[in-house]
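**Student:** pasting the structure only:
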Ligand SMILES: O=C1O[C@H](COP(=O)(O)O)[C@@H](O)[C@H](O)[C@H]1O
């Protein structure tokens with residue numbers, strides 16, 4: 001295993017580099033497991049928010065077999081695409097198929113989707129559900145090749161609101177399909193004790209390196225999660 005650590009340039013981060021996806025998943029799983037167990041020692045419940053998209057599939061599968069007290073863990077998503085939860089495009093679908101199986105099916109999953117016809121109409125109901133989580137222990141972010149993270153998309157009209165609001169979540173509009181989104185707000189994401197960014201492939205590494213040297217968070221919303229020291233962004237890359 002090659003694990004490389006480097007501490008951030010202009011925007012803040014800690015970088016963990018791995019030779020391949022398997023090594024990354026193994027190490028990230030150990031880290032998440034350690035953090036959840038640590039939280040469960042001092043709190044009644046622990047919490048984690050996973051990302052959707054294609055990258056987290058293997059991580060979710062590995063996490064599902066971890067032996068911890070899942071019945072004491074609240075699990076949610078960083079963001080959701082406002083589509084039917086049975087759709088293969090749904091982030092909840094990904095979590096149900098790959099994580100809420102085996103040992104992890106005992107976890108309490110908090111869905112970011114309800115029966116309302118739009119994310120805009122559904123958002124108040126989702127806020128109420130999320131209030132059960134007092135504070136997030138772990139957030140695992142992803143990043144698209146357009147440098148979006150969660151559902152903070154480049155130049156979207158709700159970007160400033162997503163970055164400034166004290167609300168737990170909001171409806172946003174992606175510039176790719178499916179466009180209707182529900183995302184946790186920056187302030188809720190930054191309430192996490194551990195903030196992790198999981199990215200794979202050389203293209204995303206290049207994009208991340210560009211983000212390190214830039215202040216243009218409107219073009220590269222990932223930057224909005226790299227400007228604080230607490231929690232510092234820990235990047236897992238293979
Ligand atoms: O749309 C989304 O995309 C990002 C990145 O996904 P990936 O397929 O490039 O891994 C993801 O982090 C986010 O949760 C999701 O809604």
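**Tutor:** Sure, I can see it. Please read all numbers here as calculations on a predicted model, not as lab measurements. Numbers count the residues shown, from 1 in each chain.

**Student:** what's the helix or strand hosting residue 197 in contact with?
**Tutor:** Using DSSP states H and E, residue 197 sits in strand 194-199. Defining contact as Cβ atoms under 8 Å, 6 or more residues apart in numbering, one finds that strand 194-199 is touched by 13, 24, 28, 31-32, 35, 51, 55-56, 59, 137-143, 149, 189, 205, 208, 222, 225, 231-237. The C-beta positions use only the backbone N, C-alpha and C, and glycine is treated the same way.

**Student:** ok, of those residues, which come out buried?
**Tutor:** Buried residues within the contacts of strand 194-199, defined by neighbour count using 16 or more other Cβ atoms under 10 Å: 13, 24, 28, 31-32, 35, 51, 55-56, 59, 137-143, 149, 189, 205, 208, 222, 225, 231, 233-237.

**Student:** which of the contacts of strand 194-199 come close to the ligand?
**Tutor:** For the ligand, the contacts drawn from those by Cβ under 6 Å from any ligand atom are 51, 55, 142.

**Student:** quick one: which of those is nearest the ligand?
**Tutor:** Lowest distance from the ligand to these (Cβ to the nearest ligand atom) belongs to residue 142, with 2.4 Å.

**Student:** so for that closest one, what's the pLDDT?
**Tutor:** The model reports residue 142 with a pLDDT of 98.

**Student:** excluding chain neighbours, what is closest to it?
**Tutor:** Nearest non-adjacent residue to residue 142, counting by Cβ to Cβ, 6 or more residues apart in numbering: residue 51, 3.7 Å away.

**Student:** so residue 157 touches residue 173, yeah?
**Tutor:** Yes - at 6.5 Å, residue 157 counts as touching residue 173 under the criterion of Cβ atoms under 8 Å.

**Student:** ok, the two, which is more surrounded?
**Tutor:** Set side by side, residue 157 and residue 173 show more neighbours around residue 173, with 15 against 9, by other Cβ atoms under 10 Å.

**Student:** quick one: the strands in the chain?
**Tutor:** For the chain, applying DSSP state E gives strands covering 4-7, 14-17, 46-50, 73-77, 79-81, 108-109, 138-141, 169-173, 180-184, 194-199, 233-237.
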